[in-house]
Each structure stands twice: as structure tokens, then as C-alpha cells.
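Peer 1: coords below, sequence missing:
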């Protein structure tokens with residue numbers, strides 16, 4: 001497995017490049033300044049929802065946290081050359097719980113509107129996970145194992161080969177089912 005990219009360092013670097021203070025980014029993203037500082041100092045693996053808010057506050061794509069250069073043509077990602085992952089958590093403020101490793105499937109692609117990922121979802125041992133909600137839409141296609149999606153008040157169990165497409169503005173939570181790891185392809189669309 002590749003080295004994990006440190007998201008906090010990327011956030012801080014991009015914020016500084018744009019001459020923004022942590023207070024400026026907090027205001028733009030709707031997060032607290034303490035949360036921004038906490039993420040920048042890599043004291044936690046950020047959850048997807050705050051990371052989306054930070055990307056919007058910085059005026060960058062979510063994928064910017066995974067890649068730097070851009071390609072105009074198609075992007076082919078070979079399994080053996082899979083890019084470095086970024087680890088996120090489903091637990092708000094709880095480091096190391098239910099980690100999800102995201103591998104970009106469109107690394108370096110310029111002008112994209114979707115963020116496609118190959119995701120490894122660790123076994124869930126904490127049933128008190130925080131739900132996420134953000135603008136846009138998501139598609140999940142299960143490659144291996146089983147994935148449970150809590151969507152609003154409904155719960156869906158997806159097995160290998162199953163998929164689900166949903167509006168991500170509705171509170172949702174993904175976790176591996178039966179205490180076993182799972183893998184899926186996830187595509188996230190957030191309006192610019």
C-alpha cells in the first residue's frame with residue numbers, strides 16, 4: 001500500500017498559498033477555527049463532510065487533497081500503480097474510528113466535476129458514528145464485502161455487485177457490515 005497523504009498539511013499549504021488565516025477559512029467553510037487548526041495539525045483524520053466544506057472554502061476540488069498536477073486527456077489508473085491514499089474517518093472528532101482509505105481514480109484530471117475513488121472501508125467497531133451531510137450526489141458500487149448505508153431513517157445493506165445512488169444532502173453514514181472490511185468504488189459530485 002502507498003504512503004498515506006497527510007490531508008492536514010495540504011489544507012494548511014493551500015490556505016497559506018491563498019493568504020488566508022485560519023479564521024478566514026473557518027468563516028468561508030462554516031467550520032470552527034479550532035476544527036481548522038485541529039485538521040491542519042493532523043490531530044485527526046478528517047471526515048468527508050468537513051473536508052468538503054474546507055475544499056469549498058478554499059475554492060478547490062475535493063480531489064485537490066489527493067493530487068497537484070492536472071491532465072487534459074483521459075486518466076487511466078492501473079491497479080498496480082494505484083496512487084497514494086488519503087485516510088478519512090466517519091467519526092466526527094474521533095481519530096482512528098472506522099477509517100476509510102480513498103484512492104483517487106481521476107488523479108491529475110483537470111476540470112472534473114466528479115470525484116471517483118476506490119475506497120477501502122475498515123471494519124466498524126464503534127456503532128456511535130456521526131452521520132454526514134453535504135451538497136451533491138454520491139454513487140457507491142460494492143467490489144468486495146458488505147457495506148451498510150444509513151440514509152435518513154432507512155438502512156441499506158449492499159453486497160458485492162450492488163450499488164446505490166443518493167442525494168448526499170440527506171444525513172448518511174457508510175460502514176462495513178458484519179465487522180469485516182469492505183471495498184467499493186465511490187463517486188462524489190459536489191456543485192462548484
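Peer 2: Nice, thanks for sending it over. What you see is a predicted model, and the numbers here were worked out from it, not measured in a lab. Residues are numbered from 1 along each chain as shown.
Peer 1: Need the pLDDT of the residue nearest in space to the middle of the chain.
Peer 2: In the chain, the residue lying closest to the centroid (C-alpha atoms, centre = their mean) is residue 48, at 4.2 Å. pLDDT, residue 48: 77.
Peer 1: cool, and residue 43?
Peer 2: 61.
Peer 1: Equivalent analysis for residue 82, please.
Peer 2: 66.
Peer 1: Quick check: beta-bridge partners of residue 158?
Peer 2: residue 147 (DSSP bridges).
Peer 1: With residue 49 as the reference, measure out to it.
Peer 2: As judged by C-beta to C-beta, to the nearest Å, residue 158 and residue 49 stand 21 Å apart. To be clear about C-beta, it is placed using only N, CA and C from the backbone, and glycine gets the same treatment.
Peer 1: what does residue 154 give?
Peer 2: In terms of C-beta to C-beta, residue 154 sits 19 Å off from residue 49.
Peer 1: Hmm, residue 134 and the residue nearest to the centre of the chain touching each other?
Peer 2: Yes. With contact defined as C-beta atoms under 8 Å, residue 48 counts as touching residue 134 (7.2 Å).
Peer 1: Tell me who's in contact with residue 11.
Peer 2: 36, 39, 40, 54, 58, 65 (C-beta atoms under 8 Å, 6 or more residues apart in numbering).
Peer 1: and which of those is nearest to residue 10?
Peer 2: residue 65 (4.9 Å; C-beta to C-beta).
Peer 1: and the closest residue to that closest one other than its chain neighbours, how many neighbours?
Peer 2: Computed as C-beta to C-beta, 6 or more residues apart in numbering, the closest residue to residue 65 that is not its neighbour in sequence is residue 10, at 4.9 Å. Neighbours of residue 10 under the rule other C-beta atoms under 10 Å: 20.
Peer 1: Residue 10: what secondary structure?
Peer 2: Look at residue 10: counting by DSSP: H, G, I helix; E, B strand; the rest coil, its state is helix.
Peer 1: Same question for residue 52.
Peer 2: Assignment for residue 52 (three-state DSSP): helix.
Peer 1: Surely it and residue 134 touch.
Peer 2: Yes. The criterion here is C-beta under 8 Å, and residue 52 meets it with residue 134 at 4.7 Å.
Peer 1: Neighbour count: those two, which is higher?
Peer 2: residue 52 (22 against 19).
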